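> Got a sequence here, can you build the structure:
(one chain, ligands or ions: 1)
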Amino acid sequence: MSDDPLLSVSGLHKYFTQNDGFIDRLLGADETVKAVNGVSFDIERGETLGLVGESGSGKSTTARSVLRLDEPTKGTVSYDGTDLTALSDREMTEMRKRIQIVFQDPASSLNRRKTVGQIIKQPMEIHGLYEGERDARVDELMETVGLPPQYSNRYPHEFSGGQRQRVGIARALAVDPDFIVADEPVSALDVSIQAQILNLLEDLQAEFDLTLLFIAHDLSVIRHVCDRVAVMYLGEIVELADADELFSNPQHPYTRALLGAIPQPVPELARQRQVLEGEVPSPLDPPSGCSFNPRCPEATEECTSVDPTLDDVAGATGGHQAACIHVDEFEVGAGVPSAAQDVDERFSIENFDAEPTLATDGRGRSGGDDDR
Ligand SMILES: Nc1ncnc2c1ncn2[C@@H]1O[C@H](COP(=O)(O)OP(=O)(O)OP(=O)(O)O)[C@@H](O)[C@H]1O
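Numbering: from 1, shown residues only. Now for the predicted structure:
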């Protein structure tokens, strides 16, 4: 097997051009949304890279551009040595056998008119795989994700939210992918159910040797499943580090603020934390200089004019990079020490060990201890 990264993204840009109609077009009033603005990262084989940031920071657009569900404006995406941006539509369809996606909201991403068996079978039909063995494979996949195969003839609405996400995962696994993009796969679920789904993803990654790009807006979710983390803000990666390093030694003021936003049960510690005020600015009109400067507690005059690049953090380990001109002025290790502990408690072992059951309530509906 090659030692090269499975996925290598370089200088990825995705701009959307907005105009509100004929008059705008006539007046040339196009507005450009710089949703992804020069993003580069690698994912090693068998690794999970987390992509984290607030809503609107460009995480989904990055993932969609990598998969060419949105056509990248600029940049290269090399997958196992093949530049995906250079593939024809037919070649890209073929490549999608290897690259699958699990969406945030299982309720809207599953076709409500199809049974879960039909839903899981569909990718095999599209790619002409497992001819003659598809029903058996549906049963096997349902078992793999912790769902009773005898319910394959039921419809998505008969399952709880967590169970529907298991269906989404089974569908992604159906074509034997080696890379899965999980786009906020647990954001729509209760915390206890989140832990079950994260645990399932971890088990499946080990069992099927998967490589994952895991998107979340919540750093506590990221900590549990990711080897490395890329923090995104307004279309750019502002910090990249091993997960342990990021949690113990966050450098970018944005990362520190995100860590500070993790709920803190101890009031004394909660008071010491930075609060992230305001919202991500519009990518139609980004601030000059560092895009985080209007919200940054550390910002100086210089930050309004100098656009920082992602550079190695001095004295840090494991390829830790941050995009902040003041980064070397921060005390090494001066993170938010209690954040890691909070997260570990939230995703406690009991939550991870809880196995879902799928009971019927006599009307053919499923229930069990999973959520609704
Ligand atoms: N098709 C589109 N046309 C115009 N703008 C878009 C389009 N898709 C996304 N955007 C804009 O690009 C920016 C990044 O959006 P994106 O959905 O990638 O962010 P995100 O970090 O994934 O947020 P969320 O978690 O809310 O999905 C946002 O300002 C969004 O409004």
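
> Just confirm Phe179 contacts Gln100, I think it does.
Yes: under the criterion of CB atoms under 8 Å, Phe179 makes contact with Gln100 at 7.5 Å. Where C-beta positions appear, they are placed from N, C-alpha and C, glycine not excepted.

> Can you spell out which helices and strands pack onto the lengthiest helix in the chain?
For the chain, the longest helix by residue count, based on DSSP state H, is helix 191-208. Secondary-structure packing of helix 191-208 (3 or more CB pairs under 8 Å, 6 or more residues apart in numbering; DSSP states H and E): helix 161-173, strand 211-216, helix 219-225, helix 349-353.

> Distance from that helix to the middle of the chain?
Here helix 191-208 is found 14 Å from its chain centre; the criterion is CA atoms, centre = their mean, to the nearest Å.

> Likewise for stretch 223-239?
Remark: stretch 223-239 is offset 9 Å from the chain centroid, using CA atoms, centre = their mean.

> For that stretch, measure first residue to last.
In stretch 223-239, first residue to last residue: 15 Å (CA to CA, to the nearest Å).

> got it, and stretch 51-67?
Using CA to CA, the distance between the terminal residues of stretch 51-67 is 15 Å.

> Run through the residues of this protein sitting next to the ligand.
Residues of the chain lying near the ligand by CB under 6 Å from any ligand atom: 16, 18, 33, 35, 53, 55-61, 217, 283.

> Gln165: neighbour count?
33 (other CB atoms under 10 Å).

> what do you get for Val231?
27.

> secondary structure element for it?
strand 228-233 (DSSP states H and E).

> Ser152 and the ligand: what is the separation?
The gap separating Ser152 from the ligand is 31 Å, by CB to the nearest ligand atom, to the nearest Å.

> What distance do you get for that residue to Lys121?
9 Å (CB to CB, to the nearest Å).

> so what sits against both of those two?
Residues touching both Ser152 and Lys121 (CB atoms under 8 Å, 6 or more residues apart in numbering) are Val138.

> in this protein, which ranges drop under the pLDDT threshold?
Scanning the chain for pLDDT under 70 picks out 1, 19-30, 261-275, 330-372.

> need the contact list for whichever residue of the stretch 101-250 of the chain sits closest to the ligand.
Going by CB to the nearest ligand atom, the ligand is nearest to His217 of the stretch 101-250 of the chain, at 5.4 Å. Contacts for His217 (CB under 8 Å, 6+ apart) come out as Val52, Gly53, Glu54, Ser55, Lys59, Glu184, Ser187.

> what's the closest non-adjacent residue to the second one?
When you say that, I think you mean Gly53. Met232 (3.7 Å; CB to CB, 6 or more residues apart in numbering).

> what's the distance between the one you found and Gly50?
In terms of CB to CB, Met232 sits 10 Å off from Gly50.

> got the residue ranges for the strands in this structure?
Per DSSP state E, the chain carries strands over the ranges 7-18, 31-43, 48-52, 74-79, 82-83, 99-102, 179-183, 211-216, 228-233, 236-242, 311-312, 321-322.

> Pull out the buried residues from stretch 80-91.
Asp80, Leu84, Thr85, Leu87 (16 or more other CB atoms under 10 Å).

> now stretch 201-218
Within stretch 201-218, the residues scored as buried using 16+ other CB under 10 Å are 201-202, 204-205, 210-218.

> Same question for stretch 167-177.
Using 16+ other CB under 10 Å as the test for burial, stretch 167-177 gives Val167, Gly168, Ile169, Ala170, Arg171, Ala172, Leu173, Ala174, Val175, Pro177.

> Equivalent analysis for stretch 6-13, please.
Leu6, Leu7, Ser8, Val9, Leu12, His13.
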